[in-house]
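> Provided below for reference: sequence and predicted model.
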Amino acid sequence: MTTRLKIAFAAALLAAPILAGSGPALAHHGWSGQDNSKVTTLEGKIQSLSYRNPHAEIDLAQNGQVWHVTLAPIERLQSRGVTPAVLKVGDTVRISGNRNLDQSKMEVKAFEITTAGKTTGLR
């Protein structure tokens, strides 16, 4: 094996764990998939909660429909007091956010949540 090939092989071996661990970061998405010109407000009961990175998510029942709501990153939620103790399945919450551009999807990316009478900004 040539020296150049050995160096390239060693570099690939060193880079593999770094690249493998960056998958979620590389796949992270911004606000481009939402209709940022309109605010959607939902109020209903939390049907399910996923409190994990990169974002917490809830399914929210309103008027017989279930909406999938993406909240803020976990660290931001925790620093603002929105913990799993505050967000519980069965609780009623109000969400303000931007709906998915694909209107066939019942999805909202929240920028504000009101729970137990307290409103918290999520951006």
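Thanks, I have the structure now. Residues are numbered from 1 along each chain as shown.
> going by C-alpha atoms from here, please, whenever you check contacts or count neighbours.
OK.
> show the pLDDT at the nearest residue to residue 52 once chain neighbours are set aside.
Distances taken as Cα to Cα, 6 or more residues apart in numbering place residue 74 nearest to residue 52, at 6.5 Å, with adjacent residues excluded. The pLDDT attached to residue 74 in the predicted structure is 96.
> list the contacts of the most centrally placed residue in the chain.
The chain has residue 55 as the residue nearest its centroid, 3.2 Å off, counting by Cα atoms, centre = their mean. Counting by Cα atoms under 8 Å, 6 or more residues apart in numbering, residue 55 touches 70, 71, 72, 73, 74.
> quick one: the second one and residue 60 touch, right?
When you say that, I think you mean residue 71. No - Residue 71 is beyond contact range of residue 60, at 11.9 Å (criterion: Cα atoms under 8 Å).
> could you pull out the helices for the chain?
Taking DSSP state H as the test, the helices found in the chain are 3-21, 23-27, 74-79.
> related to what we said a few turns ago, could you measure from the residue nearest to residue 52 over to residue 55?
Separation of residue 74 from residue 55 (Cα to Cα, to the nearest Å): 6 Å.
> hey, what's in contact with both of these two?
By Cα under 8 Å, 6+ apart, residue 74 and residue 55 have no common neighbours.
> roughly how far does residue 71 sit from residue 45?
Residue 71 sits 15 Å away from residue 45, going by Cα to Cα.
> those two: which is more packed in?
For residue 71 versus residue 45, neighbours defined as other Cα atoms under 10 Å are more numerous around residue 71 (25 against 19).
> the more buried one and residue 105, how far apart?
Residue 71 is 16 Å from residue 105, where distance means Cα to Cα.
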